[in-house]
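> how does the following fold in three dimensions:
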Amino acid sequence: MASDAPTPDPVLAAAAATGHPFEVVPCDPDLADTAAFCEAYGYRLDQSANAIVVVGKSEPRVYVTCLVLATTRLDVNGVVRKRLGVKKASFASADETTELTGMQIGGVTPYGLQGSLPLWIDARIMDVEQVIVGGGSRDRKLLVPPASLAALPNAEVVEGLAKDSTD
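The predicted structure is shown next:
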């Protein structure tokens, strides 16, 4: 007998599973990219974080999702490359990102990531009272306390994961 119960949203289920409160913030998909979203909806860049999938160019290829504030830039060729243990690392392509996360660029979130994909969170995020992150699709974001992010499976807070954008 088939159930008529709706399939639970894996992103919202993962956010709820942390035990921390969160708020779903609807947005126009055309304004999902961080700078446009912040400008249109009144959020600051220093309270907005981007989830970026990075690939280590080794065989086999290794992947990690990194979460950094929008006012910083991910240290791909330093901290990330060294932590992955590879000679070269780069941002995953949009296709690789979608394949690994099931999400489009502009909607990628640390919530509901596939089981073995590690999540590295820049330590600066832990100093923000509330942070806005992708919501799993381009039509929503999630406003969460940083402790919710750190409570995710495979999450690790990493000092120096990002640099100031001016560096």
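> ok, the most centrally placed residue in the chain - contacts?
By C-alpha atoms, centre = their mean, the chain has its centre lying nearest to residue 51, at 2.6 Å. Contacts for residue 51 (C-beta atoms under 8 Å, 6 or more residues apart in numbering) come out as 65-67, 108-110, 133-134. C-beta: built from backbone N, CA, C; applies to glycine.
> tell me the SS of it?
Classification of residue 51 using DSSP: H, G, I helix; E, B strand; the rest coil returns strand.
> what do you get for residue 115?
For residue 115, the assignment made with three-state DSSP gives coil.
> tell me the pLDDT at it?
At residue 115, the model reports a pLDDT of 73.
> next one: residue 79
95.
> what about it, how many residues nearby?
20 (other C-beta atoms under 10 Å).
> now swap in the one 3 residues further on and tell me
Here the neighbour count serves as a burial measure; for residue 82 (other C-beta under 10 Å) it reads 11.
> please, which helix or strand holds it?
helix 81-84 (DSSP states H and E).
> what is that helix packed up against?
strand 49-56, strand 62-69 (3 or more C-beta pairs under 8 Å, 6 or more residues apart in numbering; DSSP states H and E).
> so which of those strands comes closest to residue 141?
strand 49-56 (10.1 Å; C-beta to C-beta).
> direction included, what does the closest one pair against?
Counting by DSSP bridges, the strands paired with strand 49-56 are strand 62-69 (antiparallel), strand 89-91 (antiparallel).
> following the chain onward from the longest one, which element is next?
Scanning the chain past strand 62-69 towards its C-terminal end, the next helix or strand to appear is strand 72-74 (assignment: DSSP H and E).
> state the mean pLDDT of that next one.
On average, strand 72-74 scores 96.
> check stretch 19-29 too.
So the average pLDDT for stretch 19-29 ends up being 96.
> buried stuff in it?
Across stretch 19-29, burial judged by 16 or more other C-beta atoms under 10 Å covers 22, 27.
> which residues touch it?
For stretch 19-29, the surrounding residues in contact (C-beta under 8 Å, 6+ apart) are 12, 15-16, 37, 40-41, 106, 132, 135, 137-145, 147-148, 151.
> what of stretch 153-167?
Outside stretch 153-167, the residues that touch it by C-beta under 8 Å, 6+ apart are 66, 68-69, 71-75, 79-80, 83, 110, 113, 115-126, 149-150.
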